[in-house]
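S.K.: Give me the fold of what follows.
(2 chains)
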Amino acid sequence: MTEEKTHHPEPSYLEDTGKYKGLMAWLTSTDHKRIGLMYMYAMMVFFGVGVLLGIIMRLELFFPGQQFYGPQMYNGIFTIHGIIMIFTVVIPGLAAVFGNFSMPIMIGAKDVAFPRLNLFSFYLYVLGAAIALASQFMGNGPPDTGWTFYAPYSIQTHTNVVAAVFGAFVLGFSSILTGLNFIVTMHRMRAPGMTFFKMPLFPWSLYATAWIQVLATPIVGITLLMIIAERWLRIGFFDPSLGGDPVLYQHLFWIYSHPAVYIMILPAMGVITEIVPTFAQKKVFGYKAIAISSLAIALVGYFVWAHHMYTSGMSSTARWVFSLLTFLVAVPSAIKVFNWVATMYKGSISVKPPFLFALGFIFLFMIGGMTGLSLGALATNIHVHDTAYVVAHFHYIVFGGVGFAFFAAVYYWYPKMYGRMYNFKMANWSCVFLFAGFNLLYFPQFIIGIMGMPRRYFDYLPQFAFGHQLSFFGGLLLSIGFIIMLITLFSKKGAKAPDNPWGGSTFEWRVPSPPPLENFDVMPEMGVNEEPYDYK
Amino acid sequence: MEHRDDIGAKLGMWVFIFTEILLFGGLFLVYAIMRSSYSVEFHQAAHHLNAFIGSINTVVLLLSSATVAMSITAVQKGNNKLAVILLFITLLCAAVFMVNKYFEWGHKIHIGLYPGSDLMLTLSHGQVMFFSLYYFMTGLHMFHLVVGGIILTIVMVKVHRGTINPGRYVLLENGGLYWHLVDLIWIFLFPLLYLIT
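M.R.: Numbering: from 1, shown residues only, chains lettered A, B, ... in the order given. Take a look at the predicted model:
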């Protein structure tokens, strides 16, 4: 583009400046902001598909017995729902979208350390997601193992497990490379004067996340390869008839998949840590405690995996050790909640949509976290293991937590992304619908779970019907909220956004909205006395 | 504008190596558990491996690591010609390793000793686990060796063309780091599989 924009000398990243135009300019762009947006669009599509599958599942569960389709299809649907939501939405989630879009600007960098590798990660993500989706339609029908692919069933079933597992493997590889990129970026590209302890807290949470991505994901990578080798070559590591051990699979799987929960939730916490001080116009309370608690969660989070396996056959010593560690990992999480609330205390709070979502996050995350403790305790776990209680708990974390933080982040950085504002009233309504729908959907699951409703069951006793019906209507409300949100954000162009609509203090609010291609006209520096959250 | 950061590039490679080590770490974990469950059978099964060929491959890989390291010094001193020769020796070592592995695997497969074979099903559980691990671990290692070989071939061409030179050789260093990783993993595989008789 040769024509100069009147307000900014540099063209924004949304305008095509390279050799390609239109869609190709996006697909070949190594710009971190464009890659972040591409992740976001992809994820919104996958999220929509996942929600739709969830509704179809809820529809079948509306009454006991068979309504619309049979148990085999039901097994396939909850498996696909899990695979899509876990591997293509919440695990890459905030790190891939906002880690890419915001983090380099927040630390004062022009891009990530390896921009081409970043684009490659995106394509691996697309490829992995495509393989995972294709697994539903090829071969002998969609996998019916649940997203956990537990052996020995995943070795014996005739459904299309290999493709789904391979898709998850490729997605894992994408996640590793993103983590690697972020680690190097944060080590090497911070603005002059920005020491690690002057880095904003969203990048801090991404830093902790990146180490989990790099160090935990390969374990599930090799485990998934073993599943493929089991099916193709009968290597027998998890097959008792050949001398293998199925419980070993569970260990290997959860060695990654529990830390994966922290890959999901840590960036979410980071986003909330940005939003709370901005809308309270107050310096964040306990900066170092928040930064270090991110690392602590990452570290302790490695050693809690077997709390998924209390009933799988473990020594009682192992069980109480893992239970103790599970309680320990709750401490740094609680520190963060305490810090958010303390930051709000005596702040001049303006309840704009991002803040409203952040409040929703804190509320839902608290419920998710507390019920996590009752699952981590040995005695109560035996009672509620594999019931709808577990389903409710992890949805409160991965949807009430990660999902709401994701929505909060979208509303928070939207003006920066597109240089446009949105309708606050509509945004608030989307929050109300999402929040009410969410609770109506999942809270009944706690109750019927305690009453004894097992998870992943196609049929159930009549006394659970009311809970399932409430959940169905909750799901509808939730979908309406999601649709309102999409309309709010993408239906029409809003008013022009100022550079700093919220009065934020981090670097991204000092550059134009939308930012120029290389983020900064003048590379920023951080003064000796400057801190990341300087409010009056 | 070009952004260049050699330290960052090397940091990235190190982080990637951590990832690779943990990838194999999962396998070593399975090995440790299986060996503690079936220690006697592992000893018996290891007799079927040829420690002599294994030793040759170990020496060959150690030599290749040395030549890769020397090629970096050669480039630093501006002697690209020598560096190309050293890298070529490295690739030659990789080829020797692969040929040895071909004969090793080929022989076993010929006598019917491979995962899922009829002969395998007549063996004890511990021996089945040993040979499964043998194939899986050395197979994955070979895959890494091939990838490393491809990387070093590209590097060698670049050294030959002079795009890798005394002022700019981080790609060679990273290729070398990766090659050392391939070597290092073998150093652990060799005793765990061949020398436990």
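
S.K.: for chain B, which helix is longest?
M.R.: When chain B is parsed with DSSP state H, its longest helix is helix B:125-161.

S.K.: which residues of the chain score low on pLDDT?
M.R.: Went with chain A since none was named. A:1-9, A:536 (pLDDT under 70).

S.K.: could you do chain B instead?
M.R.: B:1-3.

S.K.: Near chain A, which residues of it are found?
M.R.: B:1, B:3, B:5, B:7-8, B:11-12, B:15-16, B:18-20, B:22-27, B:29-30, B:33-34, B:37-38, B:114-116, B:124-126, B:128-129, B:132-133, B:135-136, B:140 (CB under 8 Å from any CB of the partner chain). In short, each C-beta sits where N, CA and C put it, glycine included.

S.K.: mind running it again at 7 Å?
M.R.: B:5, B:7-8, B:11-12, B:15-16, B:18-19, B:22-23, B:25-27, B:30, B:33, B:38, B:115-116, B:125-126, B:128-129, B:132, B:136 (CB under 7 Å from any CB of the partner chain).

S.K.: Name the residues of the longest helix of chain B that are buried.
M.R.: Across helix B:125-161, burial judged by 16 or more other CB atoms under 10 Å in any protein chain shown covers B:125-138, B:140-142, B:144-145, B:148-149, B:151-153, B:155-156, B:158-159.

S.K.: Correct me if wrong: A:Tyr396 contacts A:Leu364.
M.R.: Yes. With contact defined as CB atoms under 7 Å, A:Tyr396 counts as touching A:Leu364 (5.5 Å).

S.K.: So those two - more neighbours on which side?
M.R.: Legend: neighbour count by other CB atoms under 10 Å in any protein chain shown for A:Tyr396 and A:Leu364, higher for A:Tyr396 (26 against 23).

S.K.: If we ignore the residues flanking it in sequence, what's nearest that one?
M.R.: Distances taken as CB to CB, 6 or more residues apart in numbering or on different chains place A:Gly368 nearest to A:Tyr396, at 3.1 Å, with adjacent residues excluded.

S.K.: And the contacts of the one helix or strand the one you found maps to?
M.R.: Secondary structure assigned from DSSP states H and E places A:Gly368 in helix A:353-376. Residues outside helix A:353-376 that contact it (CB atoms under 7 Å, 6 or more residues apart in numbering or on different chains) are A:272, A:275-276, A:279, A:307, A:323, A:326-327, A:330, A:333, A:337, A:340, A:380-381, A:384, A:390, A:393, A:396-397, A:400-401, A:404-405, A:407-408, A:411-412, A:424, A:427-428, A:431, A:435, A:438, A:446.

S.K.: Which of those fall in helices?
M.R.: A:272, A:275-276, A:279, A:323, A:326-327, A:330, A:333, A:337, A:340, A:380-381, A:384, A:390, A:393, A:396-397, A:404-405, A:407-408, A:411-412, A:424, A:427-428, A:431, A:435, A:438, A:446.

S.K.: Write the ChimeraX selection for whichever of the residues you listed are buried.
M.R.: Restricted to buried positions by 16+ other CB under 10 Å, the ChimeraX selection for the ones in helices among the contacts of helix A:353-376 reads:
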select /A:272,275,276,279,323,326,330,333,340,381,384,390,393,396,397,404,405,407,408,411,412,427,428,431,435,438,446
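
S.K.: one step back: among the residues of chain B next to chain A, name the ones in helices.
M.R.: Short answer: these in helices (DSSP H) are B:7-8, B:11-12, B:15-16, B:18-19, B:22-23, B:25-27, B:30, B:33, B:125-126, B:128-129, B:132, B:136.

S.K.: From the residues you listed, list just the buried residues.
M.R.: In those, burial by neighbour count holds for B:8, B:11-12, B:15-16, B:18-19, B:22-23, B:25-27, B:30, B:33, B:125-126, B:128-129, B:132, B:136, counting by 16+ other CB under 10 Å.

S.K.: what's the closest non-adjacent residue to the residue in the stretch 151-300 of chain A that chain B sits nearest to?
M.R.: Nearest residue of the stretch 151-300 of chain A to chain B: A:Gly243, at 2.6 Å (CB to the nearest CB). In this structure, A:Gly243 finds its nearest non-sequential neighbour in B:His125, 2.6 Å apart by CB to CB, 6+ apart.

S.K.: after the helix or strand hosting B:Asn100 comes which helix or strand?
M.R.: Using DSSP H and E, B:Asn100 sits in helix B:80-110. Going down the chain from helix B:80-110, the next helix or strand is helix B:118-122, by DSSP H and E.

S.K.: and that next one, what other elements does it pack with?
M.R.: The contact analysis (3 or more CB pairs under 7 Å, 6 or more residues apart in numbering or on different chains; DSSP states H and E) places helix B:118-122 against no helix or strand.

S.K.: just how off-centre is it within its chain?
M.R.: Relative to its parent chain, helix B:118-122 has a centroid offset of 29 Å by CA atoms, centre = their mean, to the nearest Å.

S.K.: List the contacts of it.
M.R.: Here helix B:118-122 makes contact (CB under 7 Å, 6+ apart) with B:112-114, B:128, B:131.

S.K.: which among those gets closest to chain A?
M.R.: Closest to chain A out of the contacts of helix B:118-122 is B:Val128 (5.1 Å), distances taken as CB to the nearest CB.

S.K.: That closest one against A:Leu242, yeah?
M.R.: Yes. Between B:Val128 and A:Leu242 there is a contact under CB under 7 Å: 5.1 Å.

S.K.: what sits in contact with each of those two?
M.R.: A:Gly236.

S.K.: Could you give the number of residues near residue 182?
M.R.: Let's take chain A. Neighbour count of A:Phe182, defined by other CB under 10 Å: 27.

S.K.: wait, chain B
M.R.: Residues within reach of B:Val182, counting by other CB under 10 Å, total 25.

S.K.: Thanks a lot, catch you later.
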